[in-house]
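Asks: requesting a structural model of the entry that follows:
(2 chains)
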Amino acid sequence: MPRIGVVTDSTADFPAAAHERLGIEVVPLSVTWDGDTFRDKVDLTTADFYAMLPRRVSVPKTSAPAAGLFEAAYERLLGRVDHVISVHLAEKLSATCDIARGAAERVGGGRVTVIDSRQTTMCLAWLAMRAAELGGQGAPLDQILDEVHAWIPRLRLYAVLGTLEYLKKGGRIGRAQALMGALLNIKPLLAVRDGEVHPVERVRSSSAAMRRLVDVVMSQGKPLRVGILHGGMPEVLEQLERLFTERLPGQTFERTEIGIVLGTHAGPGVMGAACLLEE
Amino acid sequence: MATASPPSQPGADRPGAEHLESPPGTIVTASHVREAVQAAAAWLELQAASVNALNVFPVPDGDTGTNMSMTLRAAAEAAAAEPREEACRVALAAAQGALMGARGNSGVILSQLLRGFAEAAAGKVQLSVGDLADGFVRAAEAGYRSVARPVEGTILTVARRAARAAQRAAPRTRTVSKLLERVLRAADQAVAETTDQLDVLRSAGVVDAGGQGYRLIVEAFWRTACGKPIEASGVAPVASQALVAAQHVGEAGLGFCTELLLRDPTETVESIRAFMESVGESVIVVGDGSLVRVHVHVLRPGVPLDYAAERGTLSKIKVENMQLQYEAGKEAAPAGEGISHIGVIAVAPGLGFESVFGSLGAATVVEGGQTMNPSVQDILAAVNRVGYRELILLPNNANILMAAQRAAEQTPRALRVVPTRSLPQGVAALLAFNYEADLEINVGLMQDAASRVASIEVTRAVRSAQVQGWQVERGQSLGLLDGDLVAVAEDVLGAVIGALARCQPETREIVTIYSGADVPLARAEELAESIRATYPHVEVELAEGGQPHYPYILSVE
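Replies: Sure, this is the predicted structure:
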């Protein structure tokens, strides 16, 4: 029975600390801000991060993990497993995947498979969790890889931002630029799909934001799993869950908090929903 | 009196000495001239927006349609004021009026066309078909003379080709309406071909705006001669042209568009023109011994102004920074294009609303609103000037719904109307646009969003009246909630607060105040503060609407 190790990066936002339960190795990206460097989810909590945002003038910069972090993680894991699956933040949004691939080539000896999730946050977390679960059940490597790849197109991620400013400052706005506008009270509703940020629509109030978030997710098809996420404002989870429950009675909702690297781009006031659609 | 009777039809339309017995429709009298110029002014006014829309040059110094229409308006007024019943006198009055009222490049060239026409009419009590043709020829010649370096593919080309058609057709044509029909056909053709004559038009895929203006004038003449009405008829004009007045082409530096009127100049028109050409570009110098109009693009506007001030009495100075206009134009470029195949067209008055709609991704904005309803043509022109496979139209006013529907019926393109009855509804609808959804779903989303917004409009009573159970005194402020009168107050603030109280403010989250054209920012901020104080749970946002007549429009969501 092959032993499988799973590595991901800190933009994977796990529900209920699932990475710890499943033994998933998380390599942190980092945020550099006014000369300070904070490792995502290690040195600074999301709550502290959002508290600092208004007090600092400059814009934080995010950076992919150093290659050495991946090499160390792979070397450590390869000492006790047969193969490592390393699944990461969309390649179109970050250099993380590239760096992981380089490290895999140098130290992997053909035993590390790097996967571009074309996703992030909870969707990325689900992929890592699935790989780890299947690995734990003793599934063969090929089957695990096939299943992870098969899940990718079934994942949906939607988020409502408090403002588009941070996405713009961070250079990740892409096509969502279309949602910018003259009015201030505009909350953009975005989709992450195929590794890119896509504009969906605009909403003007928090209640409309939640309502539309639920509508848009529900319009995608029948969800097997539903995740709800927030950045530094846990109170929205209750309301989001209530709205989702009206549409999906009996469903359990996985909750998570967005880390500081994604938070740097999403800005304060972000909330979102992820789902895995039925086959 | 000159005649141009066709030899093949002796006596049939010989105006000459027997003009009083001329068959109907074969001569042009003084009152015909008045009527025709009046009609042309009205027709261009109706179409001004669609002509304006053709401006592809980054810095049109004024909008061609508006400029030509204003110029014709001045011509029509002068013609109406000329009491003598001689065609030549009325034509001359129109030409002089046009020169006095000329706005922009296109207006100046137009005034010269009228001047050429008046020269051809000189001494004539009535004009025959041949005289009319002569008038077109002399007009075109005067047009070419007025421009330092004539460029083909502009109003000049259209005027020349129209003139040639008139000249050729006159000997074989009996009636004025028939001649004008020929001229119109030639103008049509010439306008369509301007696209390929100028690179800037070709790259924009449009025709020349000035040429289109000329065509519309001929069309108005023809309509008058045939007794056809001058009103929005639902027939789309040759859509899309570009104002690139000849002189703009190939121009590098933007600088200042400088216009001035010089009375009793001490120099000749020729020497003034020579000076202007030595200091600037896009030079137009026209006029006579007593009045000269100068248009020039220069880097330092002081140079032509100083020169003119020393050589006569300066009046009517206009200086505009074209670089700033250019940059403003660039910033206003719509953001959404290419993301969705569905384009949204909004009708809105005022620069503020125009930029709100533009910044929210509207493909284009048709100018119009409460007291200035756009015509079906205006809307169709907007439809024709944008790309997109499918279109959604937001009329944003109850009075525009029908024109919007007509436009949707008349265009071959997939155009759906979301019947927004107010500007707040329009903004809400546009905000609800979903980039991932198809046309039908978007129409539904936008209708739904529009229906969730309460619109408050505040204006002043223009007269005393009994309205919807309210006794309203002239000058009082009226608060309308979704079109119904719900508050009457002595001041604007009272009307806003009164109307707001009527739309369940405790259940609302966002109030957006759009301030009108005449409202100082400080007053609008006071209003915002007062709403925040009264309803602390509501987010209040202030935006410049720039709408006329309504000091405030509020969106309550």
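Asks: got a list of what residue 34 touches?
Replies: Answering for chain A, as no chain was given. Going by Cβ atoms under 8 Å, 6 or more residues apart in numbering or on different chains, A:Asp34 touches A:Arg56, A:Ser58. (Each C-beta comes from the backbone N, C-alpha and C, glycine too.)
Asks: looking at chain B here, not the other one
Replies: Contacts for B:Arg34 (Cβ under 8 Å, 6+ apart) come out as B:Ala76, B:Ala79, B:Ala80, B:Glu82, B:Val90.
Asks: repeat for A:Val236
Replies: A:Ser206, A:Met210, A:His230, A:Met271.
Asks: do that again at 10 Å, thanks
Replies: A:Val160, A:Ser206, A:Ala209, A:Met210, A:Leu213, A:Ile228, A:Leu229, A:His230, A:Gly269, A:Val270, A:Met271, A:Gly272 (Cβ atoms under 10 Å, 6 or more residues apart in numbering or on different chains).
Asks: pretty sure the last one is in a strand, no?
Replies: Yes: under DSSP: H, G, I helix; E, B strand; the rest coil, A:Gly272 sits within a strand.
Asks: distance of B:Ala120 relative to B:Leu554?
Replies: Separation of B:Ala120 from B:Leu554 (Cβ to Cβ, to the nearest Å): 57 Å.
Asks: quick one: which of the contacts of B:Arg34 is nearest B:Arg215?
Replies: Distance to B:Arg215, by Cβ to Cβ, is smallest for B:Ala76 among the contacts of B:Arg34, at 18.3 Å.
Asks: so that closest one is in which element?
Replies: Per DSSP states H and E, B:Ala76 falls inside helix B:64-81.
Asks: average model confidence for that helix?
Replies: In this model, helix B:64-81 has an average pLDDT of 88.
Asks: also stretch A:213-225?
Replies: pLDDT averaged over stretch A:213-225 gives 94.
Asks: any bit of whatever helix or strand B:Val366 lives in sitting next to chain A?
Replies: Element membership for B:Val366 (DSSP H and E) is strand B:364-367. No: Strand B:364-367 stays clear of chain A (Cβ under 10 Å from any Cβ of the partner chain), getting no nearer than 12.4 Å.
Asks: per-residue confidence averaged over whichever helix or strand comes after that strand?
Replies: Scanning forward in sequence from strand B:364-367 by DSSP H and E, the next helix or strand is helix B:376-385. Summarised as a single mean, pLDDT over helix B:376-385 is 83.
Asks: and helix B:376-385, what does it pack onto?
Replies: Packing partners of helix B:376-385 (3 or more Cβ pairs under 10 Å, 6 or more residues apart in numbering or on different chains; DSSP states H and E): helix B:30-52, strand B:342-348, strand B:364-367, strand B:390-394, helix B:401-410, strand B:414-417.
Asks: using PDB, list the CA coordinates for that helix.
Replies: The C-alpha trace of helix B:376-385 is given here as PDB (Å, rounded to 0.1, in the frame of the first residue of the first chain):
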ATOM      1  CA  VAL B 376     -36.200  57.200 -31.800                       C
ATOM      2  CA  GLN B 377     -33.300  58.200 -34.100                       C
ATOM      3  CA  ASP B 378     -31.200  59.300 -31.200                       C
ATOM      4  CA  ILE B 379     -31.600  55.900 -29.600                       C
ATOM      5  CA  LEU B 380     -31.100  54.100 -32.900                       C
ATOM      6  CA  ALA B 381     -27.900  56.100 -33.500                       C
ATOM      7  CA  ALA B 382     -26.700  55.000 -30.100                       C
ATOM      8  CA  VAL B 383     -27.500  51.400 -31.000                       C
ATOM      9  CA  ASN B 384     -25.600  51.700 -34.200                       C
ATOM     10  CA  ARG B 385     -22.500  53.200 -32.800                       C
END
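Asks: what is the orientation angle of it with helix B:401-410?
Replies: 50 degrees (axes from the mean of the first three to the mean of the last three Cα atoms, to 10 degrees).
Asks: now helix B:376-385 against strand B:342-348, angle please.
Replies: 150 degrees.
Asks: can you check which helix is longest in chain A?
Replies: The helix that spans the most residues within chain A, counting by DSSP state H, is helix A:121-136.
Asks: ranges for the strands of the stretch 101-250 of chain A?
Replies: A:112-116, A:155-160, A:187-193, A:196-203, A:223-230 (DSSP state E, counting those that start in this stretch).
Asks: what's the weakest-modelled helix or strand in the chain?
Replies: In the absence of a named chain, chain A is used. helix A:165-169 (a mean of 78; mean pLDDT, DSSP states H and E).
Asks: to clarify, I was referring to chain B.
Replies: Among the helices and strands of chain B, strand B:241-242 carries the lowest confidence by mean pLDDT, DSSP H and E, at a mean of 26.
Asks: C-terminal to that one, what's the next element?
Replies: strand B:256-263.
Asks: and that following strand, how far from the chain's centre?
Replies: Put simply, strand B:256-263 sits 22 Å off its chain's centre (Cα atoms, centre = their mean, to the nearest Å).
Asks: give the rounded mean pLDDT of that strand.
Replies: Average pLDDT, strand B:256-263: 83.
Asks: pLDDT below threshold where in the stretch 151-279 of chain A?
Replies: By pLDDT under 70, the low-scoring segments of the stretch 151-279 of chain A are A:181-182, A:184.
Asks: which ones are touching the residue nearest the centre of chain A?
Replies: Residue closest to the average C-alpha location in chain A (Cα atoms, centre = their mean): A:Thr121, at 1.3 Å. Listed by Cβ under 10 Å, 6+ apart, the contact partners of A:Thr121 are A:11-14, A:89, A:157, A:159, A:192, A:227, A:229, A:231, A:256-259, A:262, A:266, A:270, A:272, A:274.
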